[in-house]
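1. based on what follows, work out the 3D shape:
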Amino acid sequence: MTTFATDMSLNKAVRNKWQHYFQYYVGPNYDESRGLRDAQEAWTTVVDFMGLPKIDDTEPRKFTPEQIETVKAAVQSLTEKRWMPATLDVFQEYLLDHEPQLQLVIDEHMAIWQRTRSARDLYIFINRLSEIHTLWSPSPILGAVFPHRYHRNFVTMVHSMLPEFFPEALRDLFSYALTNTPLPLSHTPDDPAFPSCSFPHPNLSHISLQHPNPVLSAGPPSPYATVLGALDILGFLERYESQLTLCINTLIESKIQNQCPGIWDVQLLPDLKAWLVEHVVPWMARPYARGLANPDEVRIIVANVITRLEFYLCKILCNLRMTELFDIIVDYPDSMPALLDIKDCLAKVDERLVLVKALRKLNNRRLLHPGADTKDILTQYVSTIRCLRVIDPPGVLLYKVADPIRRYLRERPDTIRNIVASLVGEGGDLLDDNEQGGSLQQSQADEYAEPNWEPEPIDAGPEFRANKPADVLTTLVSIYDSKDLFVKELQILLAQRLLAIQDGNHDRERKNIEILKLRFGDAALQVCEVMLRDMTDSRRIDQHIQSKKPSVIHPTVISRHFWPSLQAGGLKMPGQYQTLQEDYAREFAAFKPDKQLRWLSHLGTVHLEVQLQDRTIEAEATALEAAILELFSEKDTWTVDELIGQLGSVDHAPTVKALNTWADKGVLMEKADACYVLLETADMTVKETVQRAAPDGDEGFAVVTVQQQQAAQMKIHWKFIQGMLTNVGALPLERINSMLKLVPGYDRSPEQLAMYLEGARREGLVILRDELWSLTAEGRAGYNHGFT
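-> From the prediction side, this is the model:
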């Protein structure tokens, strides 16, 4: 009995519960049997209406107005009963049932694209997916939830079915659209699904306040607009935005690589920016500004796109110019537009350190090597100074790039000579006319009270300001610690030029000295002033002596204490030359009793008229050549040793060279055993002749160069080096240099001492081990070593 009562109570509880929920869903005023029947009919009507058409159907299902009204009433009934959410699950089941059909379509079209790699085939595939999306899209009658839920599920299903290579295919489609090339459609022109027209590039100027978003909506639909709309609907633009960006970047790279290399005489960056705004930005505006109706929002989006693309464009152009920067510097000033492009690019992209590394690498590979001439290195260095000041006026980039060049030039023995030669007009165009003024003494301190003062750049080093040059010449002179080296070289070069002038016109040299006074000061060039005054006094003395006793010789009289050391020589002029010198010396002594002439005959030149039996030869000869020919006037045959014995302290090589000079002119003939014979007639023959070879050595300059002076001084300093390495043992370079500074007259830098010791090492006098220098057995034995 208890069990039966319990069962009755349970049944009653279930029945009450059912009544409660049924009334909750269908309302308290419905009859129970009639309400269920109406609900079932409404459910069936809605479910049948939601059925999806076959994937091959070209149009959605058609319904009559009466059927549409019935469906609306059923939807209203289920909505009141709160049964519509349950129909979403049924619609999802319908969508899953059609999944194999969708997969088949995707596989088929992707197989076609993989075989053809055609943008047209991918275009067809995107449009086909868009058609299927529209075909299966639920009617708005079902409510706003259905389209949203359907779109999300459809897009998810499509993305899960795409193959791995689909991003590559989509990238090809974007690239094809960017190139504005017509699609190679194989369909007939009247096929409405595939209109045969190209992808347009709408102009950015179409964006105005007249249309909310004209880039997206203005004008008739085009293939580009159609495919972008389909890609947006299918969620491809959002999911594969990186592929679109990659295509744009590839297009920019291709544009720059194809049109910009080697073009330096035109500024290309403004044209590239204009191309970007007119052709690329409008193309990008449609996908990036999709869904926006406010013109201000569209402009903000487009401005952001322009900023991003201009940054990448400047980066690619800057990288290209960095690879060409060495040649751009060589081509300066014709390459000024390219330098301005680099300057504008560096203002947008942070590539300053990359530029420094790239240019230093190019300099090391193409400039700073033994095969490059010092003059070429200096020319490139000066061009580098000017170019980097265009790119970076504060000079930070120059400070970082120039250091290896300066250190390399400091090690070159002829650097000072080339710089000085350019100052006096013999070294090309290192300095412009507008760079001739200004003093090296002017202060480089910052003027903090100046209204236009700016702080140092953030990437400037701690020593940047102290080393900042004022002009090109200051930069060149600052390669060395002291300007005294330049003054000494200037004195030597001026002496060579003055001694080489034969017409007595020294106006050019005097003008150069006046200009250089502005640079180095009057005190530093006092010796040069004395040298110029000697040339004037010498001409006046010669005019006086010629008025007293005319002579065919016109010597240059100089002050021995103010001129650089001249090449030593012991040439003794024979015959009539000696008589002419003695007569001139007596007249000079009469005019200048307190002074005495010391002849340096080997430095002079002689204009000769050689009279032979059948011909007369005129020639400009050196003093040695004239002396040799004077001896042949005494007898017709001489050996080299006999001539040297008559001429005094003359080396063998210059003597042979002078003999060969006359032999080349047909005056002498060389016989065997270093014997020469005078040819009185041109048809004379000598049976025994030999083939002449160029003698070793040369006459060199009349003035002793700085290198030769240093070599002579280092012969003395070698004794001190030999002594300290013998007594103390192996020493580092710095210790040797510091000990040598105690020797009177020693003023060499550690770099110069290192070069000297390296020359001694090559000759086997010293060895270097663990950065310590020590003597070899030959070095201990003693050796009169010269500076090399």
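2. for the closest residue to residue 638 other than its chain neighbours, list each beta-bridge partner.
-> Using C-beta to C-beta, 6 or more residues apart in numbering and skipping residues adjacent in sequence, the residue nearest residue 638 is residue 676, 5.8 Å away. Quick note: C-beta positions are derived from backbone N, CA and C, even for glycine. With DSSP bridges as the criterion, residue 676 is bridged to residue 638, residue 670.
3. what is the neighbour count of residue 676?
-> Other residues within reach of residue 676, judged by other C-beta atoms under 10 Å, total 25.
4. and it, what does it touch?
-> Residues touching residue 676, when contacts are defined by C-beta atoms under 8 Å, 6 or more residues apart in numbering, comprise 632, 637-640, 659, 663, 668-670.
5. now, of these, which are buried?
-> 632, 638, 640, 659, 663, 668-670 (16 or more other C-beta atoms under 10 Å).
6. please give the element, helix or strand, for residue 716.
-> helix 706-727 (DSSP states H and E).
7. what's the mean pLDDT across that helix?
-> Looking at helix 706-727 alone, the average pLDDT works out to 71.
8. one more: stretch 658-668?
-> Mean predicted lDDT for stretch 658-668 stands at 85.
9. same question, stretch 93-105
-> Mean pLDDT, taken over the full extent of stretch 93-105, equals 87.
10. contact partners of it?
-> With C-beta under 8 Å, 6+ apart as the test, stretch 93-105 has contacts from 50-52, 54-55, 128-129, 132, 136, 150, 153-154, 157-158, 161.
11. now the two most distant members of the buried ones among the contacts of residue 676.
-> The largest separation in the buried ones among the contacts of residue 676, counting by C-beta to C-beta, is between 640 and 669 at 14.0 Å.
12. could I get the contacts of residue 676 as TSV with distance to residue 767?
-> Putting the contacts of residue 676 into TSV (distance: C-beta to C-beta, whole Å) gives the following:
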residue	distance to residue 767
632	52
637	53
638	49
639	45
640	41
659	44
663	47
668	50
669	52
670	46
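13. so where's the longest helix in the protein?
-> Longest helix in the chain, counting residues (DSSP state H): helix 295-330.
14. can you give me the buried ones in that one?
-> Buried positions in helix 295-330, judged by neighbour count with 16+ other C-beta under 10 Å: 295, 298-299, 301-302, 305-306, 309-310, 312-322, 324-326, 328-330.
15. scan the helices and strands of the protein for the one with the lowest mean pLDDT.
-> The least trusted helix or strand in the chain, going by mean pLDDT, DSSP states H and E, turns out to be helix 214-217, with a mean of 36.
16. tell me where the model's unsure across the stretch 251-400 of the chain.
-> Counting by pLDDT under 70, the stretch 251-400 of the chain contains low-confidence residues at 285-294, 298.
17. for it, what spans make up the helices?
-> Along the stretch 251-400 of the chain, counting by DSSP state H, counting those that start in this stretch, helices occupy 269-275, 281-288, 295-330, 336-348, 352-366, 374-391, 396-411.
18. for residue 528, find the nearest of those helices.
-> For residue 528, the closest of those is helix 374-391, at 22.3 Å, according to C-beta to C-beta.
19. now do the closest one and helix 295-330, the angle between them.
-> Orientation note: helix 374-391 sits at an angle of 160 degrees relative to helix 295-330 (axes from the mean of the first three to the mean of the last three C-alpha atoms, to 10 degrees).
20. then helix 374-391 to CSV, C-alphas only?
-> Taking only C-alpha atoms (Å, rounded to 0.1, in the frame of the first residue of the first chain), the coordinates of helix 374-391 have been written out as CSV:
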residue,chain,number,x,y,z
THR,A,374,97.6,57.9,-51.7
LYS,A,375,96.3,60.7,-53.8
ASP,A,376,93.2,58.6,-54.7
ILE,A,377,92.6,57.8,-51.0
LEU,A,378,92.8,61.5,-50.1
THR,A,379,90.5,62.5,-52.9
GLN,A,380,87.9,59.9,-51.7
TYR,A,381,88.4,61.0,-48.1
VAL,A,382,87.7,64.6,-49.0
SER,A,383,84.6,63.5,-51.0
THR,A,384,83.5,61.4,-48.1
ILE,A,385,83.7,64.5,-45.8
ARG,A,386,81.6,66.6,-48.1
CYS,A,387,79.0,63.9,-48.8
LEU,A,388,78.5,62.9,-45.2
ARG,A,389,78.1,66.5,-44.2
VAL,A,390,75.2,66.6,-46.7
ILE,A,391,73.7,63.5,-45.1
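21. any idea how far residue 390 is from the residue nearest the centre of the chain?
-> Nearest residue to the geometric centre of the chain (C-alpha atoms, centre = their mean): residue 325, 2.7 Å. With distances defined as C-beta to C-beta, to the nearest Å, the gap from residue 325 to residue 390 amounts to 12 Å.
22. now do stretch 535-544: everything it contacts.
-> Residues beyond stretch 535-544 that count as contacts (C-beta under 8 Å, 6+ apart) turn out to be 498, 501, 504, 506, 554-558, 588, 591-592.
23. now that stretch, how far from the centre of its chain.
-> Relative to its chain's centre, stretch 535-544 lies at 56 Å (C-alpha atoms, centre = their mean, to the nearest Å).
24. can you list the buried residues in that stretch?
-> Of the residues in stretch 535-544, 535, 538, 541-542 count as buried by neighbour count, 16+ other C-beta under 10 Å.
25. do the same with stretch 741-750
-> Along stretch 741-750, the positions that meet the burial threshold by neighbour count (16+ other C-beta under 10 Å) are 746, 748.
26. tell me the mean pLDDT for it?
-> The average of the pLDDT scores along stretch 741-750 is 76.
27. could you identify the helix or strand that succeeds the helix or strand containing residue 38?
-> Remark: residue 38 resides in helix 32-49, with elements defined by DSSP H and E. Later in the chain than helix 32-49, the nearest helix or strand by DSSP H and E is helix 65-80.
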